[in-house]
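K.L.:
sequence and predicted structure are below.
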Amino acid sequence: MDEVFSGLVVVFGLMLLVYALDTLAGRLRPLASGVRRVAIFVGFSVALGGGILTGYQFAGDDSVDLAALSFAAGGLALGLVAVLDLTPLRRLFPHEPDDGRFEIGLVLLLWLIIFQLAAYYSDDGSIGEVSVALAVLQAFAFLGVALASVGFLTRRGVAATLSRLGLDQVTWRHVWVGIVAVIPMLVLSALSVVLVDWISPGSSERLADTVEQITGGDTSLGYALVIGITAAVGEETLFRGAIQPKYGLVLTSLIFALLHVQYDLLLVIASLFPVGLILGLERKYLGTASCIVTHMIYNALAVAGG
């Protein structure tokens, strides 16, 4: 019970943080372009310097201070976004010049990637079991962040929020296409595992061990459905629903892949990046509901067959 309560506190905390950053971004918009860019440069540079200094405190240490790592990752993310925003590199990400939400959102996404990679590779590689309660809490966290990031009840009402997330129109066509789309994803994943196992022998065994650690060896239909549904609803609403329309198909697919680094970095690049592209194309042409169906079946089969 305490775990669930603590998880709910974290979920609401994340939502409040995103709402606060969304409000801040709205206030940055009216600033004159020159003043805003100078403010961003100074703030991001200071944060980057602090991040680097903090990083030195635990570099080479076996025990990683997650608070220090979080600050360091945040500083590095801020610095990278400053470089993108204040140099010609910003043309790589065409967007509204005075939309502060783009920069703040990109900082959060880069922070997630840096933190995930650094935390995982600084650890002993062990992965905790994902219980049913944890899976549900993670889904609520992703849903909460997705709703907050698109301004649910602050900038958008219910109908506008669903439309922005690609969930405004759901038909049987979305369901059937979602089911059919699982086939190329399964084929692609199988080929990727074979390829990666050829490049890095033993990858398939390590993948099987990782899946067993995450599921605790539970391959029952009920557990597979819970994991499939929660992960699909949460991840697709956030990545394909909220993130992709703002940051594009390729970047969203890359972020999606890198945040699954626990499955082996080479494998997620070879397998989950193309999988993300397929899901992204579904989002582009059909909407998020189709992606949820595909992801749900894909995950459920992976767990049940694990």
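P.N.:
Received, thanks.

K.L.:
CA atoms for contacts and neighbours, from now on please.
P.N.:
Fine.

K.L.:
residue ranges with poor pLDDT in the chain?
P.N.:
1-5, 28-67, 86-90, 92-99, 121-128, 305-306 (pLDDT under 70).

K.L.:
in it, which spans are strands?
P.N.:
Assigned strands in the chain: none (criterion: DSSP state E).

K.L.:
okay, now the domains of it?
P.N.:
31-124, 130-306 (automatic domain parsing).

K.L.:
with V11 as the reference, name the closest of these.
P.N.:
Proximity of those to V11 was assessed by Cα to Cα; the nearest stretch is domain 130-306, lying at 4.9 Å.

K.L.:
how far off centre is the closest one?
P.N.:
Computed by Cα atoms, centre = their mean, to the nearest Å, the chain-centroid distance of domain 130-306 equals 10 Å.

K.L.:
quick one: the domains of the chain as a markdown table, columns for mean neighbour count too.
P.N.:
As requested, those are arranged in a markdown table below (neighbours: other Cα atoms under 10 Å):
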| stretch | mean neighbour count |
| --- | --- |
| domain 31-124 | 17 |
| domain 130-306 | 19 |
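
K.L.:
for A20, which of those is the nearest?
P.N.:
Closest to A20 of the domains of the chain is domain 130-306 (Cα to Cα; 9.2 Å).

K.L.:
distance to L14 for the domains of the chain - can I get that in a markdown table?
P.N.:
A markdown table is the format used below for the domains of the chain (distance: least, Cα to Cα, whole Å):
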| stretch | distance to L14 |
| --- | --- |
| domain 31-124 | 11 |
| domain 130-306 | 7 |
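
K.L.:
of all the ones you listed, which lies closest to M15?
P.N.:
Of all the domains of the chain, domain 130-306 comes closest under Cα to Cα, at 5.4 Å.

K.L.:
between the domains of the chain, which gets nearest to L8?
P.N.:
Comparing the domains of the chain by Cα to Cα, domain 130-306 comes nearest, at 7.0 Å.
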